[in-house]
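Trainee: coords please:
(one chain, ligands or ions: 1)
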Amino acid sequence: MNIVILGPQGSGKGTQSEMVAQKYDAEHFDTGKLLRQVSKSDTPLGKEIHEIVIEKKELVPSRILKEILHLRLNDLQREQSIVFDGVPRNMEQASYFEEALLEFGRKLDKVFFINISEKESIKRISKRWICQKCRKIMIMGKDIKKEKEACPACGGEISQRADDTPEGVKKRLHIYQEETLPVLDFFRKENLLTEINGEQSIEKVFEDIIKVVEKND
Ligand code: AMP
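Mentor: Below you'll find the predicted structure:
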């Protein structure tokens with residue numbers, strides 16, 4: 001099984017991708033997380049990615065994405081299911097993404113678009129904090145009450161993601177509207193797209209996704 005989960009910042013695509021991956025023992029291909037990991041390495045590629053993802057808050061060029069995608073697909077057995085989180089994000093990526101899957105003997109089964117409004121996206125991101133140790137995502141005011149608090153799960157240090165500043169979110173949302181929205185039409189035409197209401201509880205969003213995953217077309 002190969003599925004893609006897309007959605008604006010704060011839509012919960014990461015959380016849902018992880019839950020779906022766990023349920024089906026699939027690989028969670030988290031593009032943003034992979035890029036942030038490489039961006040911390042003291043290598044020319046790490047520095048280039050840091051500048052684009054963390055400083056400019058833009059999409060990395062296709063050359064980098066292709067390399068990361070190929071490396072990962074090459075590492076995985078063909079039978080291993082994959083949940084792709086955050087890719088493809090523009091039309092150029094959409095066309096080579098499906099080609100890359102075919103090259104590795106895979107077929108894209110379903111694409112999910114978790115939809116939330118821009119207002120909700122900004123509201124959620126400004127409250128999103130992450131534990132530096134266990135990577136747990138926390139909501140300020142719900143899971144934690146103040147910035148200096150330790151992670152309730154492991155006691156680790158908490159912080160906001162470097163690209164989750166107000167201007168970072170606005171820029172990423174703009175890129176999302178300009179570049180990612182056309183990708184949804186592309187998959188709609190291929191009859192692969194299902195839109196999910198992302199402004200429901202985590203459990204309900206998950207339930208809606210699973211219903212479609214398990215539906216035999
Ligand atoms: P995310 O964790 O999905 O919000 O992604 C964080 C950042 O990683 C994005 O703002 C981009 O800079 C970069 N990124 C993630 N996915 C892609 C992609 N498919 N193509 C290019 N850049 C990406």
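Trainee: and the closest residue to the ligand within the chain, what does it touch?
Mentor: Of all residues in the chain, Gly32 sits closest to the ligand, with a separation of 2.1 Å (Cβ to the nearest ligand atom). Placement of C-beta: from N, CA and C, glycine included. The neighbourhood of Gly32, defined by Cβ atoms under 8 Å, 6 or more residues apart in numbering, consists of Gly14, Val53, Asp85, Gly86.
Trainee: got a list of what the third one touches?
Mentor: Asp85 makes contacts with Ile5, Lys13, Gly14, Ser17, His28, Phe29, Asp30, Thr31, Gly32, as judged by Cβ under 8 Å, 6+ apart.
Trainee: Turn those into TSV, columns for secondary structure.
Mentor: Shown next, in TSV, are the contacts of Asp85 (DSSP: H, G, I helix; E, B strand; the rest coil):
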residue	secondary structure
Ile5	strand
Lys13	helix
Gly14	helix
Ser17	helix
His28	strand
Phe29	strand
Asp30	strand
Thr31	helix
Gly32	helix
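Trainee: PyMOL command for the buried members of the residues you listed?
Mentor: Only the buried entries of the contacts of Asp85 go into this PyMOL selection, using 16 or more other Cβ atoms under 10 Å:
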select buried, resi 5+13+14+17+28+29+30+31+32
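Trainee: Show me what counts as buried in stretch 154-167.
Mentor: Here stretch 154-167 shows Gly156, Ile158, Gln160, Arg161, Asp163, Asp164 as buried, counting by 16+ other Cβ under 10 Å.
Trainee: my read: Gln16 touches Ile3, true?
Mentor: No: contact criterion Cβ atoms under 8 Å: Gln16 and Ile3 do not qualify, at 10.5 Å.
Trainee: so what's in contact with those two at the same time?
Mentor: With Cβ under 8 Å, 6+ apart, Gln16 and Ile3 have common neighbours Phe112.
Trainee: Backbone torsions only: list them for the residue of the chain most remote from its centre.
Mentor: Centroid-distance maximum for the chain: Lys148 at 27.2 Å, with Cα atoms, centre = their mean. With angles defined as degrees, to the nearest 10, Lys148 sits at phi -90, psi 0.
Trainee: And the pLDDT at it?
Mentor: Per-residue confidence (pLDDT) for Lys148: 87.
Trainee: helix or strand for the residue nearest to Ser62 when sequence neighbours are not counted, which one?
Mentor: In space, and not counting its chain neighbours, Ser62 is closest to Glu92: 5.6 Å by Cβ to Cβ, 6 or more residues apart in numbering. In this assignment (DSSP states H and E), Glu92 forms part of helix 91-103.
Trainee: quick one: buried residues of that helix?
Mentor: Gln93, Ala94, Phe97, Glu98, Ala100, Leu101.
Trainee: That'll do, ta.
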